[in-house]
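>>> this one's sequence-less:
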Ligand SMILES: *Cc1c(COP(=O)(O)O)cnc(C)c1O
């Protein structure tokens, strides 16, 4: 079906712009501004209404408009140029990895994740974990790291968010039409779709393999919605993080075992497997079974080899972020499987337990993944520490600092989040090689050349753009809820020139979205200060089963409808990657106040800093590290809320930190923002903006992160795996 649509598109495109097809089906458009321009120019309203999906633009654009485009020689030349750039990108040998490490003996790394956040047009992610996985692929592609990726293709993806009139979150489920997404079915040489079999009790479950091309990196996605499957099996890949614990174990069997088999079927033989979170941990079982059969070796021998070639990244200290499966459920789904492993059942279960002898203990995927990998890491310095402490009981006779869990601090894929206008400004004043990565000390000097006025002008335009988007969205929210019409018109909310604070992320309770609302009167005084007005934009989804998170949303929405907050504090529905991009470019301050140390890293603040937005954050995750690295001779890239003291009394902790936040806003943030010179420029604020761009971005990006993964984990794992062979 999808193939047919694709062919139609291809045929329908006139020859002179037929390369638009190739450009649409390689997600490199997500971070290549000139390619995005091409699709936006072809049909701006389709581009916007389709969540910026080039495939839908090509399928929906009218014949008349196509003819027009063909007659526009400037447009056809731009298509040719973008296609030539894509070809050159795909063919280039001049990548970091090639230059530093050659072809690494032809080794391949397989990266497994339950979610990938590559673009708002491909809704198979829920939050930061997925966005990080998406950025991982983009940087692996840019750096030429030989990596392939595996995930699940969800029929519904993650829900779309709407608010009821009372501010309660409603979840809408759209059905993804794979034929309208930048995906193609993977085909065998004889043209038939590639389908793999996953052994389930009493039947095999079939999964079809799709491909999303992310620059040079292929992402293989498994889909069980096939007529050959039982109805309940067709639904395994229905929703990301939907259903109960049984759905979860079924999804993880398809991801781990189906994913392993998919690569095998495609003739890809990775030497290193990287598990992004524990969801894919079952892949190690299939790998062990395969090795045992191929070589006639024991479980223990195969396990040692698998460990040598496995990397595991844990992403959260929050208990709900780890899978725990009851022993009966494990037995139902894996009992038959472990016959091939030739070890007693309780020995197998012990691999996922703190206490191997506790028959009642649930099987934990994180523990299992740790026991299957030689390389394990948390995602910031602090989170590495917290993880070592959390899992130290697995490593008896090992001092906590010797627990073999390191850290690789997360990053963001800069070109996916940096505004094209700011990127242009950098091209102009820093020289185009900044895109390959200048060090902080190079950038520090180079940023002296960037005229403050130009930087401020671009930022101001982004703030205005944000206001336009917010008003438009609020208007359509209001049109839906007629009864709210009187309370606000949507048109007059927010002041385009006021200090604007952004808070957007998943509404998990530990992120404490309502910390800022703790003392409404004090907040009101801050927002309504006539000389120094402040406003706040909130966005984010709560997990459908997280009543606590939904309650936080309701409180934000409730306050946003009351005086004097109306028009000064808004909640935007349906947070996604696109909304994130607009927010991190258009606000002045990025607020982040998780309860330390529960935010393993956080990445949205890195996107903000790349755009010269100042972070105001508790000392948790990446900010704990970035703040400590701030040099005395640089302007600070934002502010820290409180210090790193933890109190046993959470209520007291919140009061202390809310106070610290209000103090910062009243005494430092707002005064600095409104301190203008004769030209109307906030000089000292702009110094901090530049500092955010030159101190944060060169470190907190996924190119740096991927170089670390490659040199500290992938390459050594390749070596030790090869030696075992
Ligand atoms: C970057 C991003 C996140 C990460 O948010 P943090 O709270 O900083 O971890 C979540 N969701 C979306 C859509 C993002 O783009």
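That came through, no problem. Please read these numbers as outputs of a predicted model, since none were measured by experiment.
>>> quick check, residue 639 in a helix?
No: going by DSSP: H, G, I helix; E, B strand; the rest coil, the assignment for residue 639 is strand, not a helix.
>>> Please point out which parts of the helix or strand hosting residue 37 sit buried.
Element membership for residue 37, per DSSP states H and E: helix 33-42. Neighbour counts using 16 or more other CB atoms under 10 Å place 35, 36, 38, 39, 40, 42 of helix 33-42 among the buried residues. (Each C-beta comes from the backbone N, C-alpha and C, glycine too.)
>>> Who are the packing partners of that helix?
helix 20-24, helix 54-60, helix 63-71, helix 73-91 (3 or more CB pairs under 8 Å, 6 or more residues apart in numbering; DSSP states H and E).
>>> again, 10 Å this time
The contact analysis (3 or more CB pairs under 10 Å, 6 or more residues apart in numbering; DSSP states H and E) places helix 33-42 against helix 20-24, helix 44-49, helix 54-60, helix 63-71, helix 73-91, helix 420-430.
>>> Show me what the mean pLDDT comes to for that helix.
Helix 33-42 carries an average pLDDT of 98.
>>> ok, now stretch 510-521?
98.
>>> Distance from the chain centre to that stretch, please.
On the basis of CA atoms, centre = their mean, to the nearest Å, stretch 510-521 sits 25 Å off its chain's mean C-alpha point.
>>> Repeat that for stretch 576-588.
Its chain's C-alpha centre lies 14 Å from the corresponding centre of stretch 576-588 when counted by CA atoms, centre = their mean.
>>> ok, the spatially closest residue to residue 694 that is not a sequence neighbour - contacts?
Spatially, and ignoring its direct neighbours in sequence, residue 694 is nearest to residue 443 (3.8 Å; CB to CB, 6 or more residues apart in numbering). The contact partners of residue 443, taken as CB atoms under 10 Å, 6 or more residues apart in numbering, are 426, 430, 434, 437, 450, 690, 691, 693, 694, 695, 697, 698.
>>> Provide the secondary structure category for the fifth one.
Right, residue 450. Residue 450 ends up coil, using three-state DSSP.
>>> Tell me how many other residues crowd it.
22 (other CB atoms under 10 Å).
>>> mind listing what the nearest residue to it once chain neighbours are set aside touches?
Closest residue to residue 450 apart from its sequence neighbours, by CB to CB, 6+ apart: residue 429 at 4.7 Å. Residue 429 makes contacts with 446, 447, 448, 449, 450, 451, 454, 455, as judged by CB under 10 Å, 6+ apart.
>>> let's go with 8 Å and repeat that
By CB atoms under 8 Å, 6 or more residues apart in numbering, the residues touching residue 429 are 446, 447, 449, 450, 451.
>>> ok so, going back, which among the buried residues of helix 33-42 gets closest to the ligand?
residue 36 (16.9 Å; CB to the nearest ligand atom).
>>> Now do the nearest residue to the closest one once chain neighbours are set aside against the ligand, distance only.
Distances taken as CB to CB, 6+ apart place residue 29 nearest to residue 36, at 5.7 Å, with adjacent residues excluded. Distance from residue 29 to the ligand, counting by CB to the nearest ligand atom, to the nearest Å: 17 Å.
>>> Kindly report the same for residue 381.
Taken as CB to the nearest ligand atom, the span from residue 381 to the ligand is 16 Å.
>>> The closest residue to that residue other than its chain neighbours in helix, strand or coil?
In space, residue 381 comes closest to residue 625 once its chain neighbours are excluded; the distance is 4.9 Å by CB to CB, 6+ apart. Of the three states, residue 625 takes helix under three-state DSSP.
>>> mind listing what residue 625 touches?
Applying CB under 8 Å, 6+ apart, one finds that residue 625 lies in contact with 380, 381, 382, 409.
>>> mind listing which of those are in helices?
381, 382 (DSSP state H).
>>> can you tell me which of the buried residues of helix 33-42 lies nearest to residue 467?
Residue 467 has its nearest neighbour among the buried residues of helix 33-42 in residue 40, at 20.5 Å by CB to CB.
>>> contacting residues for the nearest residue to the closest one once chain neighbours are set aside?
Closest residue in space to residue 40, ignoring its immediate chain neighbours: residue 47 at 4.6 Å, by CB to CB, 6+ apart. Taking CB under 8 Å, 6+ apart, we find residue 47 in contact with 39, 40, 53, 54, 57.
>>> Look at residue 47 and report its pLDDT.
pLDDT, residue 47: 98.
>>> how close does it get to residue 135?
23 Å (CB to CB, to the nearest Å).
>>> Look at the closest residue to residue 412 other than its chain neighbours and say how many residues are nearby.
Nearest non-adjacent residue to residue 412, counting by CB to CB, 6+ apart: residue 606, 4.5 Å away. Number of residues near residue 606 (other CB under 10 Å) recorded here: 29.
>>> Is there proximity between the helix or strand harbouring residue 606 and the ligand?
If you go by DSSP H and E, residue 606 is part of helix 604-610. Yes: using CB under 6 Å from any ligand atom, helix 604-610 reaches the ligand at 604, 605, 607.
>>> Following the chain onward from that helix, which element is next?
strand 614-618.
>>> Quick one: distance of that following strand to the chain centre.
20 Å.
>>> which other helices and strands contact it?
strand 589-592, helix 604-610, helix 621-628, strand 638-641, helix 650-664, helix 683-691.
>>> what are the pairing partners of it, and which direction each?
Using DSSP bridges, strand 614-618 pairs in its sheet with strand 589-592 (parallel), strand 638-641 (parallel).
>>> if we look at that strand, which residues are touching it?
501, 588-596, 602, 605, 608-609, 623, 626-627, 637-642, 657, 661, 664-665, 669, 685, 688-689, 692.
>>> domain parsing for the chain?
2-91, 96-410+706-724, 416-700 (automatic domain parsing).
>>> Worst mean pLDDT among these?
The bottom spot among the domains of the chain, by mean pLDDT, belongs to domain 2-91, with a mean of 91.
>>> In contact with the nearest residue to residue 360 once chain neighbours are set aside: list those residues for me.
Nearest in space to residue 360, with sequence neighbours left out and distances taken as CB to CB, 6+ apart, is residue 327 at 7.4 Å. Each residue near residue 327 by CB under 8 Å, 6+ apart is listed here: 349, 359, 360, 361, 362, 363.
>>> Just read off the phi/psi values of residue 327.
Dihedral pair for residue 327: phi -60, psi -40, per degrees, to the nearest 10.
>>> I'd like the distance between it and residue 369.
Taking CB to CB, one finds residue 327 at 18 Å from residue 369.
>>> So which residues on the chain come close to the ligand?
Residues of the chain lying near the ligand (CB under 6 Å from any ligand atom): 127-128, 131, 505, 575-577, 580, 602-605, 607.
>>> Of the residues you listed, just say which sits nearest to residue 161.
For the residues of the chain next to the ligand, the nearest to residue 161 is residue 575 (7.1 Å; CB to CB).
>>> Which residue would you name as the spatial centre of the chain?
Centroid check for the chain by CA atoms, centre = their mean gives residue 131 as the closest residue, at 0.8 Å.
>>> If we ignore the residues flanking it in sequence, what's nearest that residue?
The nearest residue in space to residue 131 (CB to CB, 6+ apart) is residue 117, at 3.7 Å.
>>> Neighbours of the one you found, how many?
So residue 117, with other CB under 10 Å, has 25 neighbours.
>>> And the one 4 residues further on, by the same measure?
If you count neighbours by other CB under 10 Å, residue 121 ends up with 22.
>>> Residue 52 is in contact with that one, correct?
Yes: Residue 121 lies in contact with residue 52 (CB atoms under 8 Å); the separation is 5.7 Å.
>>> SS state for residue 198?
Going by three-state DSSP: residue 198 is strand.
>>> Quick check: the residue of the stretch 1-150 of the chain nearest the ligand.
residue 128 (3.2 Å).
>>> Next, count neighbours for that residue.
Residue 128: 23 neighbours (other CB under 10 Å).
>>> can you check residue 660 too?
Residue 660: 17 neighbours (other CB under 10 Å).
>>> Nearest spatial neighbour of it, chain-adjacent residues omitted?
residue 642 (4.2 Å).
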